[in-house]
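Trainee: Need a 3D model of the sequence below.
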Amino acid sequence: MEENSLIYQQVINNKFFHDFIVFLKYLEQKPIKRTVTGNISLIDIFSLQKQFHQQEVFDKFKKYNWEIRSERQLEFLTKIKIIAETIMNALNNEIANYKTAVGIGGPHYCSNFNKIMLRTDTAVSHICPKYHLQDLNENLVKQSIEKTIEKVDFILLDWKGLGKEKQRIVDLLKNFDIEVKRIEQILDRKV
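Mentor: So this is what the prediction gives:
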């Protein structure tokens with residue numbers, strides 16, 4: 001993230017995210033040492049403490065005349081480290097080139113859409129399961145397309161999971177300039 005970007009400036013003004021960025025920069029310079037129990041070592045915690053904006057976390061201990069002596073008292077830092085490492089990994093990995101679809105039909109747990117996402121290069125954003133098809137209208141389909149951050153490449157139908165609503169859904173989707181596919185077309189076989 002560019003240090004002069006607007007997003008960076010907004011993030012750095014937020015106490016939690018400031019401390020998060022401090023922690024990321026610390027991680028870039030040297031790896032965090034772990035204790036036998038897997039927590040962040042107190043040496044690393046103390047070297048980071050003065051740089052953090054969230055001093056109230058540390059001040060809370062002082063307020064009650066506690067000293068930071070145990071790993072458990074600073075368990076939140078371990079959680080921050082996990083978040084930091086996760087974000088670092090995500091930022092360092094290239095974003096895959098997925099096709100994006102809106103799913104319509106199928107059971108509550110969307111098992112067929114899950115198969116699509118696990119076995120193909122298709123990501124499914126919004127899903128309207130079979131038990132809500134009677135409420136699906138043009139406005140909801142439009143919202144599901146517009147509120148998907150990525151460009152929606154097609155509408156994906158769980159054909160068997162459309163039940164009695166098949167023809168109404170097909171007619172409804174004709175109002176949109178978007179390709180409509182069935183799950184079977186994507187998987188190249190019956191699901």
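Trainee: alpha carbons only for contacts and neighbour counts from here, please
Mentor: OK.
Trainee: Next, count neighbours for Gln143.
Mentor: 11 (other CA atoms under 10 Å).
Trainee: pLDDT score for it?
Mentor: The model reports Gln143 with a pLDDT of 96.
Trainee: So it versus His108, what's the distance?
Mentor: As judged by CA to CA, to the nearest Å, Gln143 and His108 stand 20 Å apart.
Trainee: can you pull out the helices in this protein?
Mentor: 6-13, 15-29, 42-49, 55-63, 75-92, 111-119, 138-146, 166-173, 183-187 (DSSP state H).
Trainee: Just read off the phi/psi values of Asn175.
Mentor: Dihedral pair for Asn175: phi -80, psi -10, per degrees, to the nearest 10.
Trainee: what's the spacing between Leu118 and Lys25?
Mentor: In terms of CA to CA, Leu118 sits 34 Å off from Lys25.
Trainee: my bad, Arg168
Mentor: 55 Å.
Trainee: and Val102, what is it in contact with?
Mentor: Val124, Ser125, His126, Ile127, Ser144, Ile145, Val152, Phe154, Ile155, Leu156 (CA atoms under 8 Å, 6 or more residues apart in numbering).
Trainee: Just the ones in strands from these, please.
Mentor: Counting by DSSP state E, the contacts of Val102 place Val124, Ser125, His126, Ile127, Phe154, Ile155, Leu156 in strands.
Trainee: what's the most distant pair in the residues you listed?
Mentor: Greatest spatial distance among the ones in strands among the contacts of Val102 (CA to CA): Ile127 and Phe154, at 12.6 Å.
Trainee: Walk me through the domains of the protein.
Mentor: According to automatic domain parsing, the chain comprises the domains 6-92, 99-187.
Trainee: Would you single out the least confident of those?
Mentor: Among these, domain 6-92 scores lowest, with a mean of 62.
Trainee: surely Asn137 meets Leu172?
Mentor: Yes. Counting by CA atoms under 8 Å, Asn137 touches Leu172, with 7.3 Å between them.
Trainee: For stretch 146-154, what is the spacing between the initial and final residues?
Mentor: 13 Å.
Trainee: Buried residues of that stretch, list them for me.
Mentor: Val152, Asp153, Phe154 (16 or more other CA atoms under 10 Å).
Trainee: pretty sure His126 contacts Thr100?
Mentor: No. In this structure, His126 is not within contact of Thr100 by CA under 8 Å, at 9.9 Å.
Trainee: Comparing those two, which shows the higher neighbour count?
Mentor: When His126 and Thr100 are compared on other CA under 10 Å, the one with more neighbours turns out to be Thr100, at 23 against 18.
Trainee: Pairing partners for that one in the sheet, please.
Mentor: Ala123 (DSSP bridges).
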